[in-house]
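*Asks:* here is my input, please return the structure:
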Amino acid sequence: MNITKRKPVHPGIVLLEDVIKPLNLTITKASECMGISRKTLSELVHGHCTLTPEMAVRIGEATGTTPESWLEMQNRLSLWEAKQHKPRVKPLADMCCEA
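*Replies:* Residues are numbered from 1 along each chain as shown. Coordinates of the predicted model:
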């Protein structure tokens, strides 16, 4: 996985900009096609929630893509966010050498 300083795009925003808008679908219609509530899809496409594996499967089925590609987008974003708040840790190898 590539290390990047720029924040990765949320998979929900990718879904909105690259799939829903070009197809001229409303959030309501897209949510009906995916078998989820309008509120759930709205929260996802506005980046207010994390993409779950179940949602990745639904998006993959609805778009003809793989769930793994959607989860990879979420993993990159989640990892980037975690790295912004790096905890202070000591290497485990350093601990084994202390007397």
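*Asks:* got the buried residues for the helix or strand containing Glu61?
*Replies:* Assigned by DSSP states H and E, Glu61 belongs to helix 53-63. Of the residues in helix 53-63, 55-56, 58-60, 62-63 count as buried by neighbour count, 16 or more other CB atoms under 10 Å. In this view, the C-beta of every residue, glycine as well, is placed from N, C-alpha and C.
*Asks:* which residues touch the nearest residue to Arg58 once chain neighbours are set aside?
*Replies:* Using CB to CB, 6 or more residues apart in numbering and skipping the chain neighbours, the partner closest in space to Arg58 is Met34 (4.9 Å). Residues near Met34 by CB atoms under 8 Å, 6 or more residues apart in numbering: 41, 58-59, 62.
*Asks:* out of these, who's nearest Met95?
*Replies:* Distance to Met95 across the contacts of Met34 (CB to CB) is lowest for Ile59, with 42.8 Å.
*Asks:* so Gly35 makes contact with Arg58?
*Replies:* Yes - if you go by CB atoms under 8 Å, Gly35 and Arg58 touch, sitting 6.7 Å apart.
*Asks:* residue contacts, Thr50?
*Replies:* 74, 78.
*Asks:* swap in 10 Å and give it another go.
*Replies:* Going by CB atoms under 10 Å, 6 or more residues apart in numbering, Thr50 touches 10-12, 43-44, 74, 77-78, 81.
*Asks:* what do you get for Lys7?
*Replies:* 76-77, 80-81, 84.
*Asks:* separation between it and Val89?
*Replies:* 23 Å (CB to CB, to the nearest Å).
*Asks:* repeat that for Met73.
*Replies:* Here the distance between Met73 and Val89 works out to 27 Å (CB to CB).
*Asks:* show me the residue at the heart of the chain, geometrically.
*Replies:* Among the residues of the chain, the one closest to the centroid is Gln74, at 2.4 Å (CA atoms, centre = their mean).
*Asks:* so between Met73 and Val89, which is more surrounded?
*Replies:* It is Met73, of Met73 and Val89, that has more neighbours when counted by other CB atoms under 10 Å, with 20 against 6.
*Asks:* what does the helix or strand harbouring the more buried one rub up against?
*Replies:* Using DSSP H and E, Met73 falls within helix 67-83. With contact meaning CB under 10 Å, 6+ apart, helix 67-83 is reached by 1-15, 47, 50-61, 63, 66.
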